[in-house]
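Trainee: Below is the sequence, then the predicted model.
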Amino acid sequence: MQVVILCGGKGTRLSEYTEEIPKPLVAIGKKPIIHHLMEMYSSYGHTDFILCLGYKGNKIENYFKNNKASKKWNISFAHTGDNSTKAERLIKVRKMIKDKNFLVSYGDDLSDVDVNKVILHHNKHKKIATLTAVPLLSPFGIIEINNKNEAVKFKEKPKLDSWMNGGFYVMNKKIFEFLNPGQELEKEAFEKLAEKKQISAYKHNGFWKSMNTLKDVLELNEMHSKGETPWIK
């Protein structure tokens, strides 16, 4: 199945790196995060990639053209504009998508989700789009307080009883009926799909992490240095 990776954003929250390189090239160990992501997909048998490039996209293209390890993959590069929305990036690669269903991912997320189980879920529920839902983590520690106003328990950034959109999508080509220039994928398009009950959620309780800040980069590299790489099968 083809994998469309949205990797054109400017990554302004990681300006320590992104003044020089696009965020998908920020390294975990010796490989950029997008390489780790593509290795994850290929471990499930999906090796046909469409990279939706934007900000400093030529550097991503040059990385793969000069990397022997990536020769095992079929990579198509689509320069979809520096300022395009995610919906617009998908619209611009529409003609490159061969089959009725395809995979979509952000270029800065990693997970140990079983991609093929997400596909099975998508095929079973027959919706236009399936997203991977992950538990929402509290950004702060939580205190349990008893009726005497005593702090009796501390929980460090626990999972909350809510779910968030973790990406790792399966989409049917009918998604293009809901995508419009100037609009966003997660807002207008998904809200319309939700109204029509045409978006399904595959619940994943395992590892998921997005690289958004310097803290995320440091945490992912610390995990990698310890050999803790749950996204590698």
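Mentor: Everything's here; your move. Residues are numbered from 1 along each chain as shown.
Trainee: got the contact list for the spatially most central residue of the chain?
Mentor: Centroid check for the chain by C-alpha atoms, centre = their mean gives Tyr106 as the closest residue, at 3.1 Å. For Tyr106, the contact set (C-beta atoms under 8 Å, 6 or more residues apart in numbering) comprises Ile5, Leu6, Cys7, Gly167, Ser210. To be clear about C-beta, it is placed using only N, CA and C from the backbone, and glycine gets the same treatment.
Trainee: Apply 7 Å and report the result again.
Mentor: Shown in contact with Tyr106 (C-beta atoms under 7 Å, 6 or more residues apart in numbering): Leu6, Gly167.
Trainee: Could you measure from it over to Glu177?
Mentor: Noted for Tyr106: a distance of 22 Å to Glu177, by C-beta to C-beta, to the nearest Å.
Trainee: Please apply the same query to Asn62.
Mentor: Asn62 is 35 Å from Glu177, by C-beta to C-beta.
Trainee: Show me where the chain has its strands.
Mentor: All strands of the chain, identified by DSSP state E, fall at 2-7, 27-28, 31-32, 48-53, 74-79, 101-106, 109-111, 129-137, 142-145, 151-155, 159-165, 169-172, 199-203, 208-210.
Trainee: residues in contact with the fifth one?
Mentor: With contacts defined as C-beta under 7 Å, 6+ apart, strand 74-79 is touched by 47-53, 57, 61, 64, 92-93, 96.
Trainee: Looking at the nearest residue to Gly45 once chain neighbours are set aside now. What's its pLDDT?
Mentor: Leaving out its chain neighbours, the residue that sits closest to Gly45 by C-beta to C-beta, 6 or more residues apart in numbering is Asn116, at 7.4 Å. On pLDDT, Asn116 comes in at 97.
Trainee: Okay, helices next: where are they in this structure?
Mentor: 15-18, 33-42, 57-65, 86-92, 115-125, 190-195, 214-225 (DSSP state H).
Trainee: separation between the residue sitting furthest away from the middle of the chain and Ile142?
Mentor: When distances are taken from the C-alpha mean of the chain, Lys148 lies farthest, 44.5 Å away, according to C-alpha atoms, centre = their mean. Distance, Lys148 to Ile142, using C-beta to C-beta: 18 Å.
Trainee: sorry, back to before: among the helices of the chain, which comes closest to Leu137?
Mentor: helix 214-225 (12.3 Å; C-beta to C-beta).
Trainee: so what does that closest one touch, helix or strand wise?
Mentor: Here helix 214-225 touches strand 27-28, strand 208-210, going by 3 or more C-beta pairs under 7 Å, 6 or more residues apart in numbering; DSSP states H and E.
Trainee: where does this protein have low pLDDT?
Mentor: Where the chain drops to pLDDT under 70, the residues are 138, 150, 158, 160.
Trainee: again, only this time at 90
Mentor: Regions of the chain meeting the criterion pLDDT under 90 cover residues 9-17, 19, 65-72, 136-162, 182-183, 187, 232-233.
Trainee: Could you give the bridge partners of Pro135?
Mentor: Trp163 (DSSP bridges).
Trainee: do you know how far it is from Glu144?
Mentor: 19 Å.
Trainee: how about CSV for the strands of the chain, with distance to Glu191 added?
Mentor: As requested, the strands of the chain are exported to CSV (distance: least, C-beta to C-beta, whole Å):
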stretch, distance to Glu191
strand 2-7, 19
strand 27-28, 33
strand 31-32, 32
strand 48-53, 22
strand 74-79, 26
strand 101-106, 17
strand 109-111, 21
strand 129-137, 12
strand 142-145, 30
strand 151-155, 32
strand 159-165, 12
strand 169-172, 15
strand 199-203, 9
strand 208-210, 21
